[in-house]
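> generate coordinates for the sequence data below:
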Amino acid sequence: MDPLRSYLGRLLLEEITPVVMVLTTPLAEAACRKSGLSVVDMLSPFSLFKKIDVPVRTASDQPYRLQMFKIRMVYASDVRKQDYEVADERIKPIVSEANESALPDLLSDPPQLEDVLSKREAELCPLWIKKFNRALMRTLSFSEHETFDHPVACLLVVSSKDKEPISKFVDLFNTNQLPSLLNEGIMDPQILKYYLILHDQQDGPQEIATNILVEMKSTLGLNDCKLLCINSSTEADGVNAENSWIPYKSYGLHNQEGACWLNTDDLNEIKDFMQDLASNHIIPYMEQKIRVLNQQVATTRKGFRNQIKNLWWRKRDDVPEAANGPMYTFTSIESQIRVLGDYAFMLRDYELALSNYRLLSTDYKLDKAWKRFAGVQEMSGLCYFMLDQSRKDAEYCMDGAFSTYLRIGSSGQRNATRCGLWWAEMLKTRGQYREASSVYYRVSNEEPSLHSAVLLEQAACCYLLSKPPMLRKYGFHLVLAGNSYYVSDQKQHAVRAYRNALFVYKQHPWSYINDHVHFNVGRWYGVLGIFDVAIKHLLEVIGCSHQSLTTQSMFLNDFFHFVQSMGKKFNVYKLQLPVINMPSLRVIYEDHRTYASDTDVVVSESIWQELEEEMIPSSSVVRTNWLEKSPDLRKYKDSCVCVVGGNTSSISIKLLLSGSIELHLNFPGVKLLSTGNQQKVGKVNPKLLAMDSWGISSTA
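Numbers count the residues shown, from 1 in each chain. Predicted structure coming up:
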């Protein structure tokens with residue numbers, strides 16, 4: 001498959017894209033707020049260009065054309081590394097919204113094997129899971145060790161109502177409003193600046209804004225200034241305006257309620273402005289920056305002589321061990337090489353990007369900057385994928401980056417998650433679903449329970465898509481995902497995961513796991529208030545005779561509770577009550593009166609009488625039981641008799657006149673008996689042969 005046509009290829013084109021930092025005045029924001037939007041909200045839906053067709057040349061003057069391009073509009077206040085806990089709270093609504101929408105599907109019958117196997121990957125992994133993965137990746141935006149999130153350009157927006165708009169433009173780009181990464185010297189402040197004057201038609205005639213634009217061009221630059229007019233009039237045809245906005249609603253607009261006040265002309269003007277910004281300013285600026293940086297790197301780092309000199313300078317044994325290694329400012333050659341590689345990747349010159357990432361990996365490894373080393377390894381693996389070269393090298397780079405991130409510790413765990421998500425999508429594109437499921441499982445171990453649940457569910461789907469499908473692993477990982485969902489208070493997701501695993505265990509005699517799944521599904525349905533379905537699942541487990549008394553009591557208590565809550569009567573058909581076959585009933589005393597085995601019950605009573613008579617003659621002495629010896633039977637002191645039933649080889653009982661009992665194995669014909677320390681060989685008694693029973697006796 002062409003990498004650009006794969007899901008991962010499209011994902012990279014939309015996620016690793018140039019960032020435009022936005023600075024606005026309060027009056028400019030107020031003009032957009034009349035339509036229920038912010039400046040970024042108004043511009044973002046038009047930042048994806050599917051048919052831009054811009055010519056670009058590589059650093060080696062090889063021409064190619066960009067057919068698709070995207071820029072990310074971000075407020076300057078948001079250009080900062082996010083706190084993971086705050087970022088995770090923003091991700092949670094994605095799962096919660098899907099949790100609420102899953103409730104209607106839970107009222108239908110559980111899926112069957114044939115239906116599940118016929119589903120495609122897009123049906124098994126719904127859209128909200130892909131949205132979750134993207135949000136999880138974005139929590140790493142604006143890291144200090146990567147530059148593809150560093151702003152390429154700055155858009156300064158001033159309203160035509162602002163007093164002295166030229167001075168406002170100058171004041172906007174000051175140290176107080178710039179991101180901290182820029183002030184700390186990590187980001188390059190020398191970026192492209194583009195000036196926009198925003199005019200609302202309700203604030204006065206357009207000539208006012210036109211005059212300001214003329215002054216801007218003479219002061220700030222002829223080609224870097226633009227006028228954008230909008231109309232916030234509430235008298236516009238709301239129906240037509242809303243219909244004209246429909247094609248752009250899927251581009252990530254946050255607030256669509258007031259967007260109907262922007263008519264078709266406004267939308268077309270915004271669209272033209274954004275396309276001009278991308279094709280005539282941002283792309284040419286990045287192309288020129290790549291040429292300049294490539295020349296600098298070629299002069300200082302490329303070539304055999306420069307490489308030897310760099311290795312000699314870096315070969316130091318006293319470099320401290322640290323996760324991020326030494327601090328690199330934007331002026332360092334390492335930062336310049338990283339910018340060159342990231343710019344080349346965003347303009348799809350993957351050969352140039354890969355060569356610079358490989359050059360950097362050696363530097364970071366020698367400097368023991370492990371997080372930066374893992375970062376360039378991760379990007380190298382993506383370059384190999386986009387070039388459709390050497391799958392082995394691509395997987396080697398991703399595996400190395402993943403392992404290095406984990407070795408760093410807590411500061412690299414979320415980076416390992418992002419790397420794992422790229423890696424899993426890479427494997428899925430190549431049909432390696434079994435390997436992808438292993439990656440999802442490894443990633444799930446590093447995330448909190450909610451994130452782990454979504455990742456485990458994706459691992460289960462990969463096992464199902466494997467050739468042949470691995471159903472047991474599919475069900476097992478769904479059960480793990482369901483437990484994590486329940487711990488995260490996502491009960492609908494928990495029920496959905498468990499019930500999707502029911503068909504795996506339905507056809508197999510795995511009683512305990514089947515009881516576990518049915519009981520938890522029933523219990524969680526009851527928590528959701530769907531008592532009829534809860535009782536249906538609990539009826540599957542209340543007849544579990546293989547479970548312990550405590551477990552059976554728990555099953556029955558929940559069943560009775562939900563029946564009471566339902567307020568109806570239910571016929572219980574599967575409760576396994578004992579059935580007794582009365583003709584076959586036998587009572588065997590297991591006390592001091594007899595020490596016979598179960599098989600001796602079927603022996604005729606006459607046989608026992610003759611054996612007793614030969615062993616112990618009749619006596620008038622009163623005894624409490626027949627095993628007590630008589631005082632007159634001293635001559636029988638060392639005698640012993642063994643009795644077995646039929647011709648079977650079994651465990652027999654040896655009765656000694658002294659009152660003791662011993663067990664031994666019965667063999668036809670000859671028996672080795674043991675009395676104390678003596679061993680005696682008994683012979684067959686002909687009298688007992690006629691009785692269809694073996695009797696073995698021994699004399700002193």
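> and residue 109, that one's in a strand?
No: using DSSP: H, G, I helix; E, B strand; the rest coil, the secondary structure at residue 109 is coil, not a strand.
> burial of it, as a residue count?
Using other Cβ atoms under 10 Å, residue 109 has 8 neighbouring residues. To be clear about C-beta, it is placed using only N, CA and C from the backbone, and glycine gets the same treatment.
> report the central residue of this structure.
Closest residue to the average C-alpha location of the chain: residue 455 at 0.8 Å, with Cα atoms, centre = their mean.
> for that one, give me its contacts.
440, 441, 443, 444, 447 (Cβ atoms under 8 Å, 6 or more residues apart in numbering).
> now do 10 Å
If you count contacts by Cβ atoms under 10 Å, 6 or more residues apart in numbering, residue 455 has them with 129, 132-133, 136, 417, 420-421, 424, 439-447, 477, 481, 484.
> so it is in which element?
Element membership for residue 455, per DSSP states H and E: helix 449-465.
> following that helix, which helix or strand comes up?
Next along the chain after helix 449-465, taking DSSP H and E as the criterion, comes helix 471-487.
> off-centre distance for the helix or strand just after that following helix?
Per DSSP H and E, the first helix or strand lying C-terminal to helix 471-487 is helix 491-500. Relative to the centre of its chain, helix 491-500 is centred 15 Å away, using Cα atoms, centre = their mean, to the nearest Å.
> what of stretch 185-193?
Distance, centroid of stretch 185-193 to centroid of chain: 37 Å (Cα atoms, centre = their mean).
> same question for stretch 56-65, mean pLDDT?
Stretch 56-65 shows a mean pLDDT of 86 in the predicted model.
> and the helix holding residue 455 with helix 491-500, angle?
20 degrees (axes from the mean of the first three to the mean of the last three Cα atoms, to 10 degrees).
> can you list the buried residues in helix 449-465?
Neighbour-count burial for helix 449-465 flags 450-465 (criterion: 16 or more other Cβ atoms under 10 Å).
> list the contacts of residue 388.
Neighbouring residues of residue 388 by Cβ under 10 Å, 6+ apart: 1, 2, 3, 4, 6, 9, 350, 394.
> report the buried members of these.
3, 6, 9, 350, 394.
> can you tell me which of the contacts of residue 455 are buried?
Looks like the contacts of residue 455 have 129, 132-133, 136, 417, 420-421, 424, 439-444, 446-447, 477, 481, 484 buried, using 16+ other Cβ under 10 Å.
> of the residues you listed, which belong to helices?
129, 132-133, 136, 417, 420-421, 424, 439-444, 477, 481, 484 (DSSP state H).
> tell me how many other residues crowd residue 403.
Look at residue 403: counted by other Cβ under 10 Å, it has 14 neighbours.
> name the helix or strand for it, please.
Secondary structure (DSSP H and E) places residue 403 in helix 391-408.
> which parts of that helix count as buried, going by neighbours?
Neighbour-count burial for helix 391-408, counted by 16+ other Cβ under 10 Å, picks out 394, 395, 397, 398, 400, 401, 402, 404, 405, 406, 408.
> same check on stretch 330-338?
Buried-residue list, stretch 330-338, by 16+ other Cβ under 10 Å: 330, 334, 335, 336, 337, 338.
> alpha carbons only: can I get that stretch in PDB?
Output in PDB follows, covering the C-alpha atoms of stretch 330-338 (Å, rounded to 0.1, in the frame of the first residue of the first chain):
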ATOM      1  CA  PHE A 330      18.200  27.200  19.200                       C
ATOM      2  CA  THR A 331      21.600  28.500  18.100                       C
ATOM      3  CA  SER A 332      23.400  25.100  18.700                       C
ATOM      4  CA  ILE A 333      24.300  23.000  15.600                       C
ATOM      5  CA  GLU A 334      22.200  20.100  17.000                       C
ATOM      6  CA  SER A 335      19.100  22.300  17.200                       C
ATOM      7  CA  GLN A 336      19.700  23.500  13.700                       C
ATOM      8  CA  ILE A 337      20.000  20.000  12.400                       C
ATOM      9  CA  ARG A 338      16.800  19.000  14.200                       C
END
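> okay, now the unreliable bits of the stretch 451-600 of the chain?
By pLDDT under 70, the low-scoring segments of the stretch 451-600 of the chain are 507-509, 545, 570, 572-579, 587-600.
> number of nearby residues for the closest residue to residue 79 other than its chain neighbours?
Closest residue in space to residue 79, ignoring its immediate chain neighbours: residue 179 at 3.9 Å, by Cβ to Cβ, 6 or more residues apart in numbering. Neighbour count of residue 179, defined by other Cβ under 10 Å: 22.
> test my guess that residue 179 contacts residue 144.
No: checked against Cβ atoms under 10 Å, the pair residue 179 and residue 144 is beyond contact range at 11.5 Å.
> contact partners for the residue nearest to residue 480 when sequence neighbours are not counted?
Excluding its sequence neighbours, the residue lying closest to residue 480 (Cβ to Cβ, 6+ apart) is residue 456, at 5.0 Å. By Cβ under 10 Å, 6+ apart, the residues touching residue 456 are 437, 440-441, 443-445, 447, 476-485, 497.
> now with 7 Å, please.
Contact partners of residue 456, counting by Cβ atoms under 7 Å, 6 or more residues apart in numbering, are 441, 444, 477, 480, 481, 484.
> can you list these in TSV and add distance to residue 540?
Supplementary listing: those in TSV, determined by distance: Cβ to Cβ, whole Å:
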residue	distance to residue 540
441	29
444	29
477	22
480	21
481	21
484	24
